[in-house]
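Colleague: I need the structure of the sequence given here:
(chains A and B)
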Amino acid sequence: MTATAPDVHTDRARRAARLPWAAMARLVGRRLLAAVPVLALVTLGMFAVAAASPFDPVRRYIGDGGAGTSQETLDALRRNLSADGTFVEQWWTWLRSAAAGDLGQSLALRQPVGQVIGERVGWSLLLCSVAFVVAVLLGTSLGVLAARRAGGAFDRVVTALSYTLQAAPPFWLALLAIWLFALRLDVLPAGGLTGSGGGSAVDAGSLVRHLTLPAAVLAVSQLPWFVLYTRQGVLDALGEDPVRGARARGLSERTVLIGHALRSGLLPVLTLIGTRVPELITGALLVETVFSWPGIASATVRAATATDFPLLAALTVLSALAVLAGNLIADLLYGLADPRVDHDEM
Amino acid sequence: MKGRTSRTGIAAAAVATLLAAACSAPSEDGRGDGGGEGGGGEGDSLVIGIANEPDTLSPLLGYGKDGNSKIFDGLLRHDEDLELRPALATALPEVSDDGLTYTFGLRDDVEFSDGSPFTARDVVFTYETILDDGTNNAAKGDLDAVESVTAEGDHTVVFTLSHPYAPFADRTVLPIASAEAAGGQDVNTGPYNTEPIGTGPYVVTGWTRGERITLEANPDHWGGEPEVRRLTMAVIPDDDVRATRLRSGDLDAAVLPPNLAATFEGEDGLVTHHAESADFRAVTLPSDHPVTGDRDIRRALDLAADRELMVDSILQGAGHVAHGPIPTVSPWFAEGTERAHDPEGAAELLDAAGWAPGDDGVRAKDGQRASFTLWYPAGDRLRQEHALAYAGDAEEIGVDITVESGPWEVIDERMAEDAVLSGGGSPADPDFDLYTLLHSSLAGDGYNNMGHYRNPAVDEELENGRRAADQAEREAAYDAVQRELADDPGYTFLTHIDHVYVMADRWDGVSTQIEPHDHGLGHGPWWNVEDWRARP
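Modeller: Take a look at the predicted model:
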């Protein structure tokens, strides 16, 4: 991209030198302050839902093996497992110990919550970031190509496919992918992190093979948004004055498309990056479960089905944080890309 | 398209995610399947597909309480016929005349896999930790009889019981944890739950939750090093996926439902094992309900249930009719308590007892309609089919059963008045099932005696069975209990379910035990995998 347009390259270098660092830092600081009440409310809501839940954590804890469990044992477990007081008091106790770094104990996994998250967050980040990068790069490229000849054969195919994929739920795509690539073609493993016969160590080759399907499914489920937004953005930009001016100056079609139309057309896509984060998390929830990927999301499903509230509370905070961070990044990028937007006004 | 407008949407999405996560009904864990390649072909490695993984690998929280834990040894162990054999103990325990003191001599040549020696201290630590109030072990009731455990020197341990409890020795198959490795950490959430140190024939080398547990042979095991050196338990909840992966050679063995196991019939190199079990399905008939508490109704329902048909259609032949919690294949089963399917006899019995058919075909007596509600836990297909078949059989004799499903939280509150399709089964000693199901002192006590069964004659014989030291005396007591139960069937026992396994035919020494209700890692043909010999 840059090799063909040296003017863009030097322009970028110049812009980087005068990034509005102070304004960006102020924005980050404001958002951090705003995150405190948001997180407090989200966790309070979580504890309220937990209190209203008809499911009994003790029953989940003893599981299927509880056929002959006595009342005395059940009462003892209830004393040990459940917190006392109203949900507001429980929330306050939780909040205080969480602030001190103790997230409590996971009932379902018989581990401290901090350890559960520590063991899994890396795998989730890997899956989500690979999928997200693929979705953004591939989606943007396809969108630009489609916008170049709007109404052409390529555009029609890509747009139609995008609308279809947008309507397809990720778990359905995941099951389809397993059926096709693992069962019919037998080219990729159906799930997990390593082969069932191999050693417990994770080697790179095996990891790539196991990552391919879940990452591809997650990327494909996010792809349509980026394709459609980029296509529309670039299409709109192609009709704007600067692009017409560039064409009038006799610049090459390539320079016009990438240097001018795409740059202006990407603005809504930047916002999209932020807004897609929650979708990415819910998508990962389903994809990780289907592929038995040992990440945060599959722990969330397990925590929910086992009514493991300490784990659920921590995971809720984590996803809320991810959403807020996505939002912040989108706003920062937006301010950088669009000179009309001031970070201090966000 | 400003950040501000989009934030509302984000917040809404976050709340939606939260609600969806918190409100979804508990059920089987999502389907999943482990890796693709692997599997064996060699005699020294075995990959087993299991449906459920254990929640913990620590015996302190209940892992392996019925033996065969692979990673640990108990003081005693069960052999193929569920006879007790010494394991970490040098011999079967010496029992005092009053039946209250059990003395075990311990082996002095045993080490934990971390090299530390096994002593009486570890035994005391294990039992005391399980019995501690702060330990979240749901099965601690198994050890109710234990009053104290003391070490006498390094190689003798003495259990003192609070009441005579003849089957106590069967409880000591419980795995022994290492006091050194497990002490000094939180028993409920410490690392010992996932990285246990035991004396057993295998050592845990890895556990990816929801995916697999890998074990490797313990070369220093006191019983000799197992020939199957690598043992992998792949966790695959979905039956079809497990079957597919067995077919592709990815797995060497798997537990399968009977219909899927049948598709492997006649396949080269694969052999099917049917393990008989004490895993019963029964309908509780609450004593305090005017209909289900009526002895004539109970007897009629007992005769009307077409158990043979349930075994053939619901279990597809992989099971046995049940006339009580003790399986008919067990040596403890009381011959002569079998009841034939006899709907005409049931109808006559009800006619004679004054339960007269009403206009809608449902019987009534003194204004009481012969109808009640039967619950099964939502999502349990096997119990659902039993419940529907049972209700169908009851309808034919004019008893109206409404079948309902719900989560255990809902069923818990109705257990005292409504019938429940329950399940259970511990084959090691008849006391384990009979006492908890039938003794009146346990009526409505948690998940014990869910039907509030009360019968003084049964209570007395159950006590006798616990007190008697002599085997013949105990047999007589449990014989009497089963006859009393047949006379006043406060539960309608329907079936005992066979557990079906398909596995590669590469080893000698493969057999099955009579299995309990819970079966996963420990039970199945691989209960004694450490003793298998690879066929040359």
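Colleague: Where does B:Thr160 sit: helix, strand or coil?
Modeller: Assigned by DSSP: H, G, I helix; E, B strand; the rest coil, the conformation of B:Thr160 is strand.
Colleague: same deal with B:Leu421?
Modeller: strand.
Colleague: from memory it sits against B:Arg381, does it?
Modeller: No - counting by CB atoms under 8 Å, B:Leu421 sits too far from B:Arg381 to count as a contact (11.6 Å). To be clear about C-beta, it is placed using only N, CA and C from the backbone, and glycine gets the same treatment.
Colleague: of the two, who's got more company?
Modeller: Neighbours around B:Leu421 and B:Arg381, counted as other CB atoms under 10 Å in any protein chain shown, are more numerous at B:Leu421. The numbers are 26 against 10.
Colleague: now the stretch 201-346 of chain A, which segments are flagged as low pLDDT?
Modeller: Applying pLDDT under 70 to the stretch 201-346 of chain A flags residues A:201-202, A:346.
Colleague: So which bits of the stretch 101-250 of chain B are right by chain A?
Modeller: Contact residues, the stretch 101-250 of chain B versus chain A (CB under 8 Å from any CB of the partner chain): B:133-134, B:136, B:138-141, B:144, B:186, B:188-189, B:193-194, B:205-206, B:208-212, B:214, B:232, B:234-235, B:241, B:244-245, B:248, B:250.
Colleague: hmm, which of the residues you listed are the buried ones?
Modeller: Buried members of these, counted by 16 or more other CB atoms under 10 Å in any protein chain shown: B:136, B:138-141, B:144, B:188-189, B:193-194, B:205-206, B:208-212, B:214, B:232, B:234-235, B:241, B:244-245, B:250.
Colleague: related to what we said a few turns ago, okay, and which of the residues of the stretch 101-250 of chain B next to chain A map to helices?
Modeller: B:Val241, B:Thr244, B:Arg245 (DSSP state H).
Colleague: List just the nearest of these to B:Asn455.
Modeller: The closest of those to B:Asn455 turns out to be B:Val241 (CB to CB; 46.3 Å).
Colleague: Now that the closest one has come up, it's in contact with A:Ala190, right?
Modeller: Yes - with contacts counted by CB under 8 Å, B:Val241 reaches A:Ala190, the gap being 7.2 Å.
Colleague: Which helix or strand contains A:Thr230?
Modeller: Assigned by DSSP states H and E, A:Thr230 belongs to helix A:204-238.
Colleague: and the direction of the helix or strand following that helix versus that of helix A:204-238, what angle?
Modeller: Counting by DSSP H and E, the element after helix A:204-238 in chain order, helix or strand, is helix A:241-248. Per axes from the mean of the first three to the mean of the last three CA atoms, to 10 degrees, the angle that helix A:241-248 makes with helix A:204-238 is 90 degrees.
Colleague: With adjacent residues omitted, what lies nearest to A:Ser97?
Modeller: Leaving aside its sequence neighbours, A:Ser97 sits nearest to A:Gly104 (CB to CB, 6 or more residues apart in numbering or on different chains; 6.8 Å).
Colleague: meant to ask about B:Arg533
Modeller: Among residues not flanking B:Arg533 along the chain, B:Asp508 sits closest, at 4.7 Å (CB to CB, 6+ apart).
Colleague: quick one: the one you found from B:Arg535, how far?
Modeller: Distance of B:Asp508 to B:Arg535, computed by CB to CB, to the nearest Å: 6 Å.
Colleague: repeat for A:Arg156
Modeller: From A:Arg156 over to B:Arg535 the distance is 62 Å, taken as CB to CB.
Colleague: So those two - more neighbours on which side?
Modeller: More crowded of A:Arg156 and B:Arg535, by other CB under 10 Å: A:Arg156, with 13 against 10.
Colleague: Which stretches in chain B count as helices?
Modeller: Per DSSP H, chain B carries helices over the ranges B:3-23, B:120-131, B:168-171, B:179-182, B:239-247, B:258-262, B:295-304, B:307-313, B:343-353, B:381-396, B:408-414, B:430-438, B:456-467, B:471-487.
Colleague: Tell me the spacing between the closest residue to chain A within the stretch 201-350 of chain B and B:Asn455.
Modeller: In the stretch 201-350 of chain B, the residue that lies nearest chain A is B:Gly206 (2.9 Å; CB to the nearest CB). Distance, B:Gly206 to B:Asn455, using CB to CB: 51 Å.
Colleague: Over to B:Arg85?
Modeller: 35 Å.
Colleague: Equivalent analysis for B:Leu462, please.
Modeller: B:Leu462 is 10 Å from B:Asn455, where distance means CB to CB.
Colleague: who touches both of those two?
Modeller: Both B:Leu462 and B:Asn455 are in contact with B:Leu438, where contact means CB atoms under 8 Å, 6 or more residues apart in numbering or on different chains.
Colleague: Pick out whichever of the two has more residues nearby.
Modeller: Neighbours per residue (other CB under 10 Å) separate B:Leu462 from B:Asn455, with B:Leu462 holding more: 27 against 19.
Colleague: isn't that one right up against B:Ala477?
Modeller: Yes - if you go by CB under 8 Å, B:Leu462 and B:Ala477 touch, sitting 7.4 Å apart.
Colleague: Would you mind telling me which of the helices of chain B is nearest B:Tyr501?
Modeller: Across these, B:Tyr501 has its closest neighbour in helix B:258-262 (7.7 Å, CB to CB).
Colleague: so where's chain B uncertain?
Modeller: In chain B, residues with pLDDT under 70: B:1-42, B:519-520.
Colleague: B:Gln384: neighbouring residues, count only.
Modeller: For B:Gln384, using other CB under 10 Å, the count is 17.
Colleague: Which residue, other than its chain neighbours, is closest to it?
Modeller: Sequence neighbours aside, B:Tyr376 is the residue nearest to B:Gln384 in space, at 5.3 Å (criterion: CB to CB, 6+ apart).
Colleague: Do I have it right that that neighbour meets B:Ala387?
Modeller: Yes - if you go by CB under 8 Å, B:Tyr376 and B:Ala387 touch, sitting 4.6 Å apart.
Colleague: Mind listing the shared neighbours of these two?
Modeller: The contact sets of B:Tyr376 and B:Ala387 overlap at B:Val403, B:Leu421 (CB under 8 Å, 6+ apart).
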